[in-house]
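>>> let me see the structure of the following:
(3 chains)
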Amino acid sequence: MSEQAVTEQASSAQTQAPAVAVKSDGEHREPVLRRILDRLGVVGVIASVVLTVIVIAAVFAPVLAPYDPNFPDLMGALAGPSADHLLGADALGRDILSRLMFGAQVTLAGPGLVILLSTIVGTVLALVGAWCGGRVDAVIIWVLDILFAVPGIVFGLIAVAIWGPSLFTVVGGLAVAYIPYVARVVRGAALRERNLPYVSAAWLQGHSGFGITTTQILRNVQPIVIAQAVSSLGFAVIDLAAVSFLGLGVQPPTADLGLMVKSGFDSTLRGYPNEAIASGCLIVLIVWCVTVIGDRLISNARSV
Amino acid sequence: MVSRKKAAGTAAVLTVAALALAGCSGAAKGGASGPAELSLDLNNLATTTPAGTTPVDNVKWNLPYEPSSIDPIFTWNYAENTVDASLCESLMRMKPDLSQEPGLASKVETQDDKTVIYTIRDGVKFWDGKPMTAEDVAFSIQRQTGSSTKSYWADYFKNVASVAVTGANQVTVKLSKADVLFTQAMGSAAGAIVEKAAVESGGQAFGTPKGNLQCTGPYKVGKWDSGKSLTMERNDAYWNTAVKPLVKQVTFSFIADESTAINALRTGDVDGQFFYLPPAGLSQLQKSDNVTTTFGKSFVFWTLAPLNKDGALGDEKIRQALSLAIDRPALTKVVFQGAAIPAPTIAGPAMWGYQQDTFAEAAKKYGTDPNIEKAKQLVQEAGSPKTPIVLAVQGSSAVHEQTASAIQAAGQAIGLNVQTKVIPVEQFGNIYFDPAARKGLDGFFTTNYSDFADPLNVYAFFQTGNSHDYIGWNTADDQITKALATSNEADRAKLVTDIQDKVTTGLPWIPLAYEPTTLIQNKRISGAVPSFSYLYAPWAVTMGGTK
Amino acid sequence: MSFSAYILKRIGGLLLVLLVTSFLVFGLLYLAPGSPLAFILGPRGGTPAQIAAVTQQYHLNDPFIVRYFAWLGDLFRGNLGDSIVYRQPVSDLLFSRAGTTTALVSLAAVIIAVVGILAGTFAALRGGWVDQVVSTLAAIGLSTPVFVVGVALISLFAVGLGWFPTFGVGSGGFDTIWHLFLPAVALSVASAAYLARITRTAVNEERTREHVQTATVRGLSPRLIVRRHVLRNALIPITTVLGLTIATLIAGAVVVENVFALDGLGSLLVKAILQRDFAVVQAVVLVLVVAFVVVNAIVDVLYTFIDPRISLGSKQ
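Residues are numbered from 1 along each chain as shown, chains lettered A, B, ... in the order given. Below you'll find the model as predicted:
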């Protein structure tokens, strides 16, 4: 949770300098693989492959998972890894592998939703502010400043205080918390775009104000927005897992990685660490993959 | 906080994340079979532990949460009572074997069913040195009567018509109608005596970290550092000079998270704790060289309470079917790690405080073996309802979750759709007294108990109008009313077994297990009272060092 | 901008933010379902007379605006209201817990600064495998949630090896540092990893600057160059990140306090949320906001000391 602010601050500080103007990809005619490798680097490619595998396992969990993730078998509780249960069973005798696959669904979809919502709202706010300027911009900046003044996870907790613990409550709260970070980056980029000759040219040609903003500016700030979104995803995964770990987010019996770490630690205490290791590792792996890819995307967006 | 019947704190912990960090690839090793079983003799639960022999300066004791008040009228739950038991004494005293003896009242006479005369013990002093008077006793009872009392114990005082000082050492309580529970309740915290002057000068703050509690017990309040710890100091001017506690000071911590508590016990950061449900790390504790685990005789029982009259569990046949489908012996073995007794009835043998033979004879007809065929048949007779049965499960409690899973499986086996809804531990208590909190729920799990050795205390829950009567079950109203007014124990036992029969058939609550108290003590100390009396009588006075 | 004008401006901004957040939080909590009545009345539910008395005592029936302004008025008199659950003034509850959180965050900040800057500088100056190791560790550290680290630390060092206590804050002084060490480490892992990265980048960037190259050509000792030219200039991005990190640690403490069973503001907040003890929720949120804003302001002031070219209040 803590690095969110930091990354944004640092990145926005740096994006002040070079104008982000994406050249059309038409000039490049290298093989696709070569280009991907150039963009992501070896580590980035590894991260992408691993993440793809995890996403496929999560999306197709209903087909791929060997067991119903919520079906308890108390007599088979805390079984070690075996041919039946590749990663063993948890304290309620549920198959850990199946729960990991279904848990990854929640752990990816929840933060995905957070980022999607905050990116849309943040981008719209920033574009409106950058375009309209004046009083509208001032109000938007003021609102963003107030949002900045409340630490991210606290938004999630306030939402829980009001609507009670659930995945959607926390997603809503976190989405609000992530808005200013997106908005700040987009606003900076949009302001520079606005002052570029091609925008005024388009204006002169009779395009409407907002039309220009949306089509041209949006297209040109798109790489930085996407890069921003991907790298924020890692923080959202951590935040959401933390809230679930506290018992305020996803509610059992739904499989969720944060919850699995929590229940896994109980089993660990009884001498059965499978669940804790498996779920803890998977969270770290997901966040690592997302962060690596996000980092590469950000440096690409800046350097292009 | 809140409901006395709140269950275990949280959970969590650990030896592993370290491994997780070190190498994410490694597959975990796990036991080949299920959890280890404990060795304990459930028919012979402890009432004492070997007395301590050497003086100890300080013992660190953990509570499952911080008490919200230690004014006895608000002590209606595990943590509050664990503390107050050593501070405030009652008119009657619960002995470690769960029977009662005279406490601050040296004598109790009942003139007729409606008049109780307490003779106040001579020479009892409050911590501030002032003698306890009949005035203080009358005041302590009086403040819990009437419709505007704040006392959590008011149920026991609802039939009190008047309280009067009738002699230098005598207080007379007149009841508006006979109530056999009132006299017995005086052995719980409901009968605790506080200093009148201290209550009056303390006002709202009395019993809070800022308020000046005044009682007569062998320990007195030291420092209460809100959020951190509560310390009680030995009362060296204790009136009962025969009692000489070896422990000078007990410091209570408030670790709510069960796993953190277990870790603290294993490493010796905390010296002891009472658990009302077996903690998840029980087998680890038993293996530990640092602590001794004692299972004590207790009134606590584990039960499924239906909440919704109009839902599937509102149907008696469905309740019977579900009850028949539950494999209680397996439940106690797996969920409670063997530290529980399968319960055929709500009130267990520990509550048979009188006429044991009558109760034992009556209990013979109930069993705990599941009967799936009969259960299926009952479901069919009830029209095989398809509406889901939603059970409230307390968050971060392994026992809750696992019991719910077992019942889910049982329901599935007989064609009932059982679902669970997790309620955070802090809000779970609302289910007991807030109808709004029960919305959408068909049942919930509760660790409940009687305050003294009389099954009637529990069966009276099912009298119409009682706050525990959630589904308006009224089949035994007449017998309950009659039993409450029957002071003759033989007659009462007969009535109570009748009530028990109706309750066990009609199942306004579905019995699951009887729970011994789990006492954990560091090996450097011994002597704490392991039985249920730790909630109402000084359990630390026999405690001391072992070296 | 003069120093006092700057301070005035920041205080004005802070008050405005507080007013808006308090209004929003108060309003949202007011709309929230669920009443604290159950907690006050206890397990029996209460008679109508009791309910009426309590409702009046806590002003539960007054209109929202009336209650908000009553609360605001009390706030100006230094009264944060009473906790319904604890039957105590909220300020007492906050006071006894703020120390723990402050100590925890301070200790974590020291660890972050020391480890982050040292590791980052070391990686940049040494390069090669040292750089690789630091970068890899930083990447893993950044990806590991605080609660996973916390749980690993407890199991290894508190339960497994018994080197550290498993809970609580100790009795002050060194004992408290000893008690808070593991929680502070858990809280600082991700931030230290991030600071190491930033430091590494900043140092590398400074080394390629013209004046550094000139100094190198002039044959100044590498040690002197690093100290006088590289590190000094790299301090600006490092301070930015460190300051922002510390501000966010305050929120991170919520999780750590729960993992390590510490009685700080974060664990108080989580409990109060679940118990619908709104006076406490409101107060803790405001304290967190104040702390967050104040730390940010301090970072701003620090810039001017590190680099006199930066003037106070400039939106650099």
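>>> could you pull out the buried residues of whichever strand or helix holds residue C:180?
Assigned by DSSP states H and E, residue C:180 belongs to helix C:174-207. Buried positions in helix C:174-207, judged by neighbour count with 16 or more other C-beta atoms under 10 Å in any protein chain shown: C:176, C:179-204, C:206-207. C-beta coordinates here come from the backbone N, C-alpha and C atoms, glycine included.
>>> tell me where chain A is predicted with low confidence.
Within chain A, the ranges that satisfy pLDDT under 70 run A:1-30, A:199-200, A:202-204, A:206-214, A:269, A:302-304.
>>> ranges for the helices of the stretch 201-304 of chain A?
A:209-212, A:218-245, A:257-269, A:274-303 (DSSP state H, counting those that start in this stretch).
>>> quick one: which of those is nearest residue C:276?
Distance to residue C:276, taken as C-beta to C-beta, is lowest for helix A:218-245 among the helices of the stretch 201-304 of chain A, at 17.9 Å.
>>> what's stretch B:229-241 in contact with?
Here stretch B:229-241 makes contact (C-beta atoms under 8 Å, 6 or more residues apart in numbering or on different chains) with B:66-67, B:70, B:83, B:86-87, B:121, B:123-125, B:127, B:129, B:216-224, B:245, B:247-254.
>>> I misspoke; the intended subject was stretch B:42-59.
With contact meaning C-beta under 8 Å, 6+ apart, stretch B:42-59 is reached by B:96-98, B:246-251, B:271-272, B:292, B:294-298, B:340-341, B:350, B:516, B:519, B:521, B:524-531, B:540, B:542-547.
>>> circling back to that earlier point, now, which of the contacts of stretch B:229-241 lie within helices?
Mapping the contacts of stretch B:229-241 onto helices (DSSP state H) picks out B:83, B:86, B:87.
>>> need those in a markdown table with pLDDT, can you?
Below are these laid out as a markdown table (pLDDT from 0 to 100):
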| residue | pLDDT |
| --- | --- |
| B:83 | 96 |
| B:86 | 96 |
| B:87 | 97 |
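>>> of those residues, which is the nearest to chain C?
Distances from chain C to these, taken as C-beta to the nearest C-beta, are shortest for residue B:83 (15.1 Å).
>>> ok, that closest one - contacts?
The contact partners of residue B:83, taken as C-beta under 8 Å, 6+ apart, are B:63, B:67, B:70, B:75, B:230, B:232, B:252.
>>> for the closest residue to residue A:143 other than its chain neighbours, give me its contacts.
Of all residues not flanking residue A:143 in the chain, residue A:125 sits nearest, at 7.8 Å (C-beta to C-beta, 6 or more residues apart in numbering or on different chains). Neighbour list for residue A:125: A:140, A:143, A:144, A:179, A:183 [criterion: C-beta under 8 Å, 6+ apart].
>>> tell me the pLDDT at the spatially closest residue to residue B:66 that is not a sequence neighbour?
Leaving aside its sequence neighbours, residue B:66 sits nearest to residue B:254 (C-beta to C-beta, 6+ apart; 4.0 Å). On pLDDT, residue B:254 comes in at 89.
>>> what's the distance between residue B:254 and residue B:274?
Relative to residue B:274, residue B:254 is positioned 14 Å away (C-beta to C-beta, to the nearest Å).
>>> quick one: which of the two has more around it?
Comparing residue B:254 with residue B:274 by neighbour count (other C-beta atoms under 10 Å in any protein chain shown), the higher total belongs to residue B:274, at 26 against 22.
>>> ok so the more buried one is a strand residue?
Yes: judged by DSSP: H, G, I helix; E, B strand; the rest coil, residue B:274 forms part of a strand.
>>> ok, it touching residue B:519?
Yes: Residue B:274 lies in contact with residue B:519 (C-beta atoms under 8 Å); the separation is 5.7 Å.
>>> give me the neighbour count for the nearest residue to residue B:543 once chain neighbours are set aside.
Counting by C-beta to C-beta, 6+ apart, the nearest residue to residue B:543 once its immediate chain neighbours are dropped is residue B:527, at 4.0 Å. Other residues near residue B:527 number 24, with proximity taken as other C-beta under 10 Å.
>>> residue B:527 contacts residue B:545, correct?
No: applying C-beta under 8 Å as the test, residue B:527 and residue B:545 come out as separate, 9.2 Å apart.
>>> residues shared between the contacts of those two?
B:52, B:246.
>>> quick check: neighbours shared by residue B:274 and residue B:519?
Taking C-beta under 8 Å, 6+ apart as the contact rule, residue B:274 and residue B:519 both touch residue B:534.
>>> sec struct for residue B:232, please.
strand.
>>> what pairs with it across the strands?
Residues in a beta bridge with residue B:232, per DSSP bridges, are residue B:221, residue B:250.
>>> surely residue B:176 meets residue B:161?
Yes: assessed by C-beta under 8 Å, residue B:176 is found in contact with residue B:161 at 4.3 Å.
>>> now the common contact residues for the two.
By C-beta under 8 Å, 6+ apart, residue B:176 and residue B:161 have these common neighbours: residue B:114.
>>> state the distance from the residue in the stretch 151-300 of chain A that chain C sits nearest to to residue A:172.
Going by C-beta to the nearest C-beta, chain C is nearest to residue A:151 of the stretch 151-300 of chain A, at 3.2 Å. Distance of residue A:151 to residue A:172, computed by C-beta to C-beta: 16 Å.
>>> out of the two, which sits in the more crowded spot?
Taking other C-beta under 10 Å, residue A:151 and residue A:172 do not tie; residue A:151 has more neighbours (27 against 20).
>>> tell me the contacts of residue B:381?
Residues near residue B:381 by C-beta under 8 Å, 6+ apart: residue B:317.
>>> residues contacting residue B:179?
Neighbouring residues of residue B:179 by C-beta under 8 Å, 6+ apart: B:159, B:484, B:485.
>>> tell me the SS of the residue lying closest to the last one once chain neighbours are set aside?
Leaving aside its chain neighbours, residue B:485 sits nearest to residue B:178 (3.9 Å; criterion: C-beta to C-beta, 6+ apart). Under three-state DSSP, residue B:178 falls in the coil class.
>>> for residue B:178, give its distance to residue B:159.
The spacing between residue B:178 and residue B:159, counted by C-beta to C-beta, is 8 Å.
>>> all helices for the stretch 1-150 of chain A, in order.
Under DSSP H, counting those that start in this stretch, the stretch 1-150 of chain A gives helices at A:2-15, A:32-59, A:61-64, A:96-132, A:134-148.
>>> residue contacts, the residue nearest to residue B:485?
By C-beta under 8 Å, 6+ apart, the residues touching residue B:178 are B:113, B:114, B:159, B:484, B:485, B:486, B:487.
>>> now, which of these sits nearest residue A:290?
Among those, residue B:484 lies closest to residue A:290 (C-beta to C-beta), at 65.1 Å.
>>> next helix or strand past the longest helix along chain B?
When chain B is scanned for its longest helix (criterion: DSSP H), the result is helix B:489-506. Beyond helix B:489-506 on the C-terminal side, the first helix or strand identified by DSSP H and E is strand B:510-514.
>>> which residues of the stretch 101-250 of chain C lie near chain B?
Residues of the stretch 101-250 of chain C found near chain B (C-beta under 8 Å from any C-beta of the partner chain) are C:140, C:144, C:148-149, C:151-156, C:158-160, C:162, C:165-169.
>>> ok, of those, which come out buried?
When these are checked for burial by 16+ other C-beta under 10 Å, the buried set is C:140, C:144, C:148-149, C:151-156, C:158-159, C:165-169.
>>> so which residue is smack in the middle of the chain?
I went with chain A, as the question did not name one. Of all residues in chain A, the one closest to the mean position by C-alpha atoms, centre = their mean is residue A:233, 1.6 Å from it.
>>> should've been chain C
residue C:250 (1.5 Å).
>>> what pLDDT does the spatially closest residue to it that is not a sequence neighbour get?
Excluding its sequence neighbours, the residue lying closest to residue C:250 (C-beta to C-beta, 6+ apart) is residue C:291, at 5.1 Å. Residue C:291 carries a pLDDT value of 83.
>>> try residue C:37
Residue C:37 is assigned a pLDDT of 66 by the prediction.
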